[in-house]
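# what follows is a predicted protein model with its sequence.
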Amino acid sequence: MKKLIFLLSKEFRQIRRNPFMIRAIIAVPVLQMLILVPAVTFEVKRIDLAVIDNDRSQASRELVAKLTGSSFFVVAATPATVTEAESMLFSGDADIALVIPPDFSEGLAGVTRPRLQVLVDAVNATSAQLSWSYLTSVVRDFNRDVIVSTGMMPGNTTALSGGSVPGISVSPRYWYNPTLNYKYYMLPGVLVILITAIGLMMSGLNLVREKESGTIEQINVTPVMKWQLIASKIIPFFIIGLLDLALGLSIGWLAFNIPFEGSLLLFFACAAIFLVAVLGLALFFSTMASTQQQFLFVAFFFVMIFILMSGIFTPTESMPLWAQQFNWVNPVAYLMRINRMVMLKGSGFSDIMRDMGMLTVLAFSYLTLAIRAYRKRA
């Protein structure tokens, strides 16, 4: 035990003497929370609309006014032809082009079938779907206003979209995130990225740096046992990871008023298991690398795959079957799901028991793999 304490003292002293490491430990959580949480969002708050009004009637002007009166649409231009509107979509000056036909007002009067044409820039599929959803919602409201103003019965009146207007009103109730604040969804995921960067990148670089300087070879010839050496490499960054997690959580609460409904102890217990898995991977990658550049290449490759497939942006259930099966060995996916359930839903141990168990298995497996790989190169 004295040897382990001595090695830990040496590791903490080495970290303290590295000015870059100290700055990174403090600056990384602060910058990630303050920049990524408000910036990374799928919310569509401004949609540039090009309107081709071929009807130029009171009804068409009311429809355009209803669109611009919403908080989403801004009329970027009023081109004279569809060709000009398509050019605006091509150049990125417009997100949606709305074509109002010459017989639009006649259609509302029942003379012809009311219709609209919408051209959507779908390079970003998510943005296109949301934009289309917002536009159809506004058109639906406009259609309802027309029906009320004319005194026509909803069941006997044709809607602009081609169907009848239902007489049932649906009032949604959003659970766990009543205000639909996207920051509440992103912050638990950013916390996972934070401790992944601390646990995997920094700890692995620390070990590879010693291999480059030759100090690791000097330690290997001393009577220090292998488990003591490995523990001395893992424990400091395990503690730093938990401290950075607490710092990131505090910033999220103070800066963004993020709710925390679950158990703080359960939250940190899952993070501790995750850190063991990540530190095991860092140790394993460091055994394969001879230089810091080699380690960064290998670590960056796996970190990007783990994060992008973890469900931070899109639900894992929407991924192909092979991707869902890959996430069985992806520790980031488990903690991503656990953090959101504990923080936003207030889930208890019984609710996350399966994910926590799988995370424990991965932590044990990755740490065992790292120990065996290190012994081969000792």
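Alright, I've got the coordinates. Numbering: from 1, shown residues only.

# residue 117: neighbour count?
The number of residues packed around residue 117, counting by other C-beta atoms under 10 Å, is 12. (Each C-beta comes from the backbone N, C-alpha and C, glycine too.)

# okay, and the beta partners of it?
For residue 117, the beta-bridge partners under DSSP bridges are residue 99.

# so it touches residue 104, yeah?
No - checked against C-beta atoms under 8 Å, the pair residue 117 and residue 104 is beyond contact range at 10.6 Å.

# what residues does residue 306 make contact with?
Contacts of residue 306 were listed using C-beta atoms under 8 Å, 6 or more residues apart in numbering, and they are 196, 330-333.

# tell me the most packed of those residues, by neighbour count.
Tallying neighbours with other C-beta under 10 Å puts residue 332 at the head of the contacts of residue 306, with 27 neighbours.

# picking up where we left off before, closest to residue 145 among the contacts of residue 306?
The closest of these to residue 145 turns out to be residue 333 (C-beta to C-beta; 46.1 Å).

# look at that closest one and report its pLDDT.
Confidence at residue 333, expressed as pLDDT, is 94.

# so which helix or strand takes in residue 189?
Per DSSP states H and E: residue 189 is located in helix 182-196.

# tell me the buried residues in that helix?
Within helix 182-196, the residues scored as buried using 16 or more other C-beta atoms under 10 Å are 183-196.

# residues in contact with stretch 81-94?
48-50, 52, 76-77, 79, 95, 97, 99, 117, 119, 121.

# state the mean pLDDT of it.
Mean predicted confidence for stretch 81-94 is 89.

# gap between it and the chain center?
The chain centre lies 31 Å from the centre of stretch 81-94; the measure is C-alpha atoms, centre = their mean, to the nearest Å.

# buried only: go through the contacts of stretch 81-94 for me.
If you count burial by 16+ other C-beta under 10 Å, the buried members of the contacts of stretch 81-94 come out as 48-50, 52, 76, 79, 95, 97, 99, 119, 121.

# tilt between the longest helix along the chain and helix 182-196?
For the chain, the helix with the greatest residue count under DSSP state H is helix 226-256. Counting by axes from the mean of the first three to the mean of the last three C-alpha atoms, to 10 degrees, helix 226-256 lies at 160 degrees to helix 182-196.

# show me what the next helix or strand after helix 226-256 is packed up against.
Sequence order places helix 264-288 as the next helix or strand after helix 226-256, per DSSP H and E. Applying 3 or more C-beta pairs under 8 Å, 6 or more residues apart in numbering; DSSP states H and E, we find helix 264-288 packed against helix 182-196, helix 203-213, helix 226-256, helix 292-308, helix 331-340, helix 349-377.

# re earlier: reformat the contacts of stretch 81-94 as a markdown table; add secondary structure.
Shown next, in a markdown table, are the contacts of stretch 81-94 (DSSP: H, G, I helix; E, B strand; the rest coil):
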| residue | secondary structure |
| --- | --- |
| 48 | strand |
| 49 | strand |
| 50 | strand |
| 52 | strand |
| 76 | strand |
| 77 | strand |
| 79 | coil |
| 95 | coil |
| 97 | strand |
| 99 | strand |
| 117 | strand |
| 119 | strand |
| 121 | coil |
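
# now distance to residue 16 too, for these, in a markdown table please.
Below are these laid out as a markdown table (distance: C-beta to C-beta, whole Å):
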| residue | distance to residue 16 |
| --- | --- |
| 48 | 52 |
| 49 | 57 |
| 50 | 59 |
| 52 | 66 |
| 76 | 55 |
| 77 | 59 |
| 79 | 63 |
| 95 | 51 |
| 97 | 60 |
| 99 | 66 |
| 117 | 66 |
| 119 | 60 |
| 121 | 52 |
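
# picking that back up, got the buried residues for the longest helix of the chain?
228-230, 232-238, 240-242, 244-245, 247-249, 251-252, 256.

# the helix or strand where residue 75 lies: how far from the chain's middle?
Residue 75 belongs to strand 73-77 when assigned by DSSP H and E. Chain-centre distance of strand 73-77: 29 Å, with C-alpha atoms, centre = their mean.

# give me the angle between whichever helix or strand comes after it and strand 73-77.
Once the chain leaves strand 73-77, the next helix or strand it forms, by DSSP H and E, is helix 82-91. Relative orientation of helix 82-91 and strand 73-77, computed by the same axes, to 10 degrees: 110 degrees.

# name the residues of helix 82-91 that are buried.
Buried residues in helix 82-91, defined by neighbour count with 16+ other C-beta under 10 Å: 85, 88-89.

# what pairs with the strand holding residue 75, parallel or antiparallel?
Here strand 73-77 has these sheet partners by DSSP bridges: strand 47-53 (parallel).

# can you list contacts of the partner strand?
60-61, 64, 67-68, 72-82, 84-85, 88-89, 93-100, 131, 134-135.

# let's see 7 Å
60, 64, 67, 72-79, 81-82, 85, 88, 93-100, 131, 134 (C-beta atoms under 7 Å, 6 or more residues apart in numbering).

# repeat that for stretch 116-126.
With C-beta under 7 Å, 6+ apart, stretch 116-126 has contacts from 42, 85-86, 89, 95-100, 128, 131-132, 135, 139, 160.

# mind checking the end-to-end distance for it?
End-to-end span of stretch 116-126 (C-alpha to C-alpha, to the nearest Å): 22 Å.

# report the buried residues of that stretch.
Under the neighbour-count criterion of 16+ other C-beta under 10 Å, stretch 116-126 has 116, 119-121 buried.

# also stretch 43-60?
Here stretch 43-60 shows 44, 47-53, 55, 57, 59-60 as buried, counting by 16+ other C-beta under 10 Å.
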